[in-house]
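# give me the fold of what follows.
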Amino acid sequence: MLTVDIDTGGTMTDALISDGESRHSFKVDTTPHDYTVSFLACLTEAAKTLQYPDVAAFLAKVGLIRWSSTITTNVLGERRGSKVGLLVSKGFEETLYGSARSPVVDELVGPGNVIGLSEHPTAGEILVGVKQLLEGGVRRICVCLKDSFPDNSAERYIKDVIEDQYPDHIIGAVPVLLGSEMAPLRHDQTRVHYSLMNAYTHTQLANSLFKAEDMLREDHRWNGPLLIGHTSGGVARIGKTKAVDTIESGPVFGTFGGAYMARAYGLKNVVCFDVGGTTTKASIVRDGAPVFQRGGKLMGVPVQSSFAMLRSAVVGGGSIARVKSGLITLGPESMGAAPGPACYGLGGSEATLTDALLVLGYLDASNFLGGRRQLQADKARAAIEKNVAKPLSMSVEVAALSIRDEAVAMMAELLRATLAEAKLDAKATSLFSFGGNGPMFAAFVADKLGMPVAYAFNLGPVFSAFGSAISDVVHVYERGASGTWNAADHEPLLAGLQSQAARDLAGEGFDVAKASFGWELEFGASEDAVTTVRADAAHDTGDALFAALGTAIQAADTAARHPLLLDWLSDAAARQPLMLVRLTTRLSVGSHGLSKRLAKVQAQPAGSRVMRFNGASDKATPVQRWESMNVGDRLTGPAMVNGATLTCPVPPGWTLRVDDYGNAELRRS
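Reported below is the predicted structural model:
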């Protein structure tokens, strides 16, 4: 049975089809006006390549589809979400329970759409506020009162009043979201921000997901599970997905793919370097696992929750190069997939990073994207000459080299800052490059940062889809807690989480008995000093679960001798309070990892192409087809690898070797 993993990015939509043994990857242009168009294009391309008569015949052999995307990310980043209203406690209309004016005011919600309610509002006061919001064009309302968790009775009362006046069977019905249910945490501002982000992006994501599901069932007679990628690195059915769960899910799956390969290679510290058409992403893998952070900014919005450490720079293959104040700048504007760079020949006239790479000789104009697109070097040269070379009185070749160097500088600065934040030394960290343009810059950026080794992956162009292909169904449940830990007080909380997790899995049609359950307890007197205790336990509560948690606490204390845990264990009066309980359920549904590459391919002699790697003149440089290289093959720079799935320069002073997994390992010669 086949699995299909689709990753919708800002410029390209990627697909990976696998039966556990063989894999087929595809890339199509993303269609922002309707993401289901590019979703279907992936399935159509797969059916055609695998020689099925139509999509329905192909889907008959598909067991499941996993779909990750940057849909919610793009809606947030471009500020084109739904008009949202907010009901809060009076006096906090601007700070939204923070210490200063919240950054979401004027961004995700207009100041006029934030209504302050008295401590005990009457039904009349509530409905006057709702009427004001509806007259302002709001069609989705968040209710986020101060101190409304764990007791959310005040929020539920407001929701009941609104739904009694605007029941869901009338056209004027208005969805009401409670902050205490969206983010069941004690941190007031986090509840507000999560609720707003979810309400702001919900409609756009839901329209795409439900349209895709209807298309699969009604047009192509497929009734298998469509699973949606979550920021946790897992997937879930649409009915168990909130919009906020999917923020940056595509790039996060790339990090999980990196973690898989770090474990395969036995690498301790890795920085993941994902370069697409619009943005560059950086993330960290430590000890074989993605680094998550507790608190910080998610898409620029402060929250106190756990999410993947992912940093971005607005630079990619489609980034527009311009001259400002005598200097070359790249981005933030991008030409996207349409009309795309000038060399696409689709009407684009701006100079882009891709145009510069073509002028430098790095791209195979006749075999771009595996031959699916022919590039036009004359149009690339003309765009660079007009927009960059002439304004700076330099040759087109020097201008192209300068554009490349500006991109390398921006990417290196992103990685440098990310490594510093993670407290990692570049000289002791490996670089994993992927995305459509990651391998193009891997050695250049590694050289600039003094990194010892960089990897470029055979599945690099669809690496986030690969991260999806090794994912499981994952549900994460978080509940704020209080008081010191004991069975009598906290068993109802754990039992409630356990019961909800079992219901959700069963409701999705999965076998609860096959799921694993992982528990985490966070202790601390403040958000700045948290100690986490983890334990895996069977899906039951009571004595067995508490024994497992007790063993984990004892093990953590023995291993670390953490003073917080010593206080907890030795002196009941000095116990640190329990802040958070987190339950993670995981269920495998057909994950496909990699095996070492054993089959040999027919070697072909290297060709050559005129290229420029530095400020010297252009010269003929060896070019090797990636598909003709075998495990153990080496290239010493300057050289170029071109192929359908990998384009990777080997600069002077560097050597490329094909490793046992069929990936490219780049090291200084």
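
# make it CA atoms for all contacts and neighbour counts henceforth
Will do.

# Ser208 against Asp34, yeah?
Yes: judged on CA atoms under 8 Å, Ser208 makes contact with Asp34 at a distance of 7.2 Å.

# of these two, which one has the most company?
Of the pair Ser208 and Asp34, Ser208 is the one with more neighbours under other CA atoms under 10 Å, namely 16 against 13.

# and that one, that's in a helix?
Yes: secondary structure assignment places Ser208 in a helix (DSSP: H, G, I helix; E, B strand; the rest coil).

# OK, contacts around it?
Taking CA atoms under 8 Å, 6 or more residues apart in numbering as the criterion, Ser208 is in contact with Asp34, Tyr35, Thr36.

# next, give phi and psi for Thr190.
phi -60, psi -40 (degrees, to the nearest 10).

# quick check, Val641 in contact with Thr655.
No: counting by CA under 8 Å, Val641 sits too far from Thr655 to count as a contact (11.6 Å).

# higher neighbour count, these two?
Val641 (25 against 20).

# sheet partners, orientation included, of the helix or strand hosting the more buried one?
For Val641, the element it lies in under DSSP states H and E is strand 639-642. As defined by DSSP bridges, the strand partners of strand 639-642 come to strand 619-625 (parallel), strand 648-650 (antiparallel).

# could you point out the helix or strand that follows the first one?
What it means is strand 619-625. strand 634-636.

# tell me how far that following strand lies from the chain's centre.
Put simply, strand 634-636 sits 33 Å off its chain's centre (CA atoms, centre = their mean, to the nearest Å).

# which strands and helices sit next to that strand?
For strand 634-636, the packing partners by 3 or more CA pairs under 8 Å, 6 or more residues apart in numbering; DSSP states H and E come out as strand 654-658.

# and the very next helix or strand once past the strand it packs on, what does it pack against?
Scanning forward in sequence from strand 654-658 by DSSP H and E, the next helix or strand is strand 664-668. Judged by 3+ CA pairs under 8 Å, 6+ apart, strand 664-668 is in contact with strand 453-456, strand 654-658.

# which of the strands paired with strand 639-642 sits closest to Val476?
Val476 lies closest, by CA to CA, to one member of those: strand 648-650, at 38.2 Å.

# neighbouring contacts of the closest one?
By CA under 8 Å, 6+ apart, strand 648-650 touches 362, 439-443, 456, 635-642, 656, 666.

# before we move on, the earlier item: hey, C-alpha coordinates of the strand holding Val641 in CSV?
Extracted in CSV, the C-alpha atoms of strand 639-642 (Å, rounded to 0.1, in the frame of the first residue of the first chain):
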residue,chain,number,x,y,z
ALA,A,639,33.0,21.2,-9.4
MET,A,640,29.3,21.1,-9.8
VAL,A,641,26.7,18.3,-9.2
ASN,A,642,23.5,18.7,-11.2
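
# related to what we said a few turns ago, which of the contacts of strand 648-650 are buried?
362, 439-443, 456, 635-642, 656, 666 (16 or more other CA atoms under 10 Å).

# buried set for the helix or strand that contains Ala259?
Following DSSP H and E, one finds Ala259 within helix 249-265. By neighbour count on 16+ other CA under 10 Å, the buried set for helix 249-265 is 249-262.

# ok, now which ones touch Leu375?
Cys343, Tyr344, Gly345, Ala365, Ser366, Phe368.

# do the same with Leu330
Leu330 is in contact with Val315, Ser319, Ile320, Ala321, Arg322, Leu353, Ile403, Glu406, Ala407, counting by CA under 8 Å, 6+ apart.

# just name the closest of the residues you listed to Glu522, please.
Val315 (37.4 Å).

# re earlier: need the helices and strands packed on strand 664-668 in a markdown table (columns: mean pLDDT and distance to Pro53).
Shown next, in a markdown table, are those (pLDDT from 0 to 100; distance: least, CA to CA, whole Å):
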| stretch | mean pLDDT | distance to Pro53 |
| --- | --- | --- |
| strand 453-456 | 98 | 35 |
| strand 654-658 | 97 | 36 |
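
# and those strands as TSV, adding distance to Pro150?
Formatted as TSV, the helices and strands packed on strand 664-668 follow (distance: least, CA to CA, whole Å):
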stretch	distance to Pro150
strand 453-456	47
strand 654-658	55
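
# select, out of the ones you listed, the one closest to Asp219.
Closest among the helices and strands packed on strand 664-668, using CA to CA: strand 453-456, at 38.5 Å.

# list the helices and strands that closest one packs on?
Partner elements for strand 453-456 (3+ CA pairs under 8 Å, 6+ apart): strand 430-434, helix 438-449, strand 664-668.

# let's see 6 Å
strand 430-434, strand 664-668 (3 or more CA pairs under 6 Å, 6 or more residues apart in numbering; DSSP states H and E).

# for Phe273, what are its contacts?
Counting by CA atoms under 6 Å, 6 or more residues apart in numbering, Phe273 makes contact with Lys281, Ala282, Phe432, Ser433.

# which members of those are the farthest-apart pair?
Most distant of the contacts of Phe273, by CA to CA, are Lys281 and Phe432, 11.5 Å apart.

# low-confidence stretches in the chain?
Residue ranges of the chain with pLDDT under 70: 371, 487, 525-530, 537-543, 550, 552-576, 597-599, 616-617.

# ok, 50 please
558-574 (pLDDT under 50).

# roughly how far apart are Gln306 and Leu419?
Check again: residue 306 is Ser, not Gln. 19 Å (CA to CA, to the nearest Å).

# so which residues of the stretch 501-650 of the chain form strands?
516-526, 529-537, 578-587, 607-611, 619-625, 634-636, 639-642, 648-650 (DSSP state E, counting those that start in this stretch).

# among the ones you listed, which comes closest to Gly20?
strand 578-587 (17.4 Å).

# tell me what the closest one is packed against?
strand 473-480, strand 516-526.

# just want the angle from that strand to strand 516-526.
160 degrees (axes from the mean of the first three to the mean of the last three CA atoms, to 10 degrees).

# what residues does strand 578-587 touch?
472-484, 515-523.

# and for stretch 179-187?
Cys144, Phe149, Arg191, Val192, Ser195, Arg479, Gly480.

# ends of it, what's the gap?
Where stretch 179-187 begins and where it ends lie 11 Å apart, using CA to CA.

# again with stretch 609-621
5 Å.

# sheet-wise, list the partners of the helix or strand harbouring Ile228 with their directions.
Assigned by DSSP H and E, Ile228 belongs to strand 226-229. Note on strand 226-229: by DSSP bridges, its sheet partners are strand 62-69 (parallel), strand 235-237 (antiparallel).

# gap between the longest one and the chain center?
Okay, so that is strand 62-69. Worked out by CA atoms, centre = their mean, strand 62-69 lies 16 Å from the chain centre.
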